[in-house]
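Q: below are the sequence and a predicted model for it; my questions follow.
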Amino acid sequence: MRINEYCPTCKTKLRLRKEKQRFFKYCEPCKSGESLYYEAKG
């Protein structure tokens, strides 16, 4: 999965990060993230 979004603060391309079943858009320089998706199992 790719995202073509940029950080509104520093204009760096956002990265996708996965933590257990949650996916986040994440900016490395700003150390900020936003929940994107929750993968439900069952």
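A: Alright, I've got the coordinates.
Q: spatially central residue for the chain, please.
A: Lys25 (1.1 Å; Cα atoms, centre = their mean).
Q: thought Arg17 was touching Phe24?
A: Yes: assessed by Cβ atoms under 8 Å, Arg17 is found in contact with Phe24 at 4.6 Å. Bear in mind the C-beta positions are built from the backbone N, C-alpha and C, glycine included.
Q: find residues that contact each of these two.
A: Gly33 (Cβ atoms under 8 Å, 6 or more residues apart in numbering).
Q: between those two, which one's more packed in?
A: Phe24 (16 against 13; other Cβ atoms under 10 Å).
Q: which strands or helices does whichever strand or helix holds that one pack on?
A: In the assignment (DSSP states H and E), Phe24 maps to strand 22-27. When contacts are defined as 3 or more Cβ pairs under 8 Å, 6 or more residues apart in numbering; DSSP states H and E, strand 22-27 sits against strand 15-19, strand 32-38.
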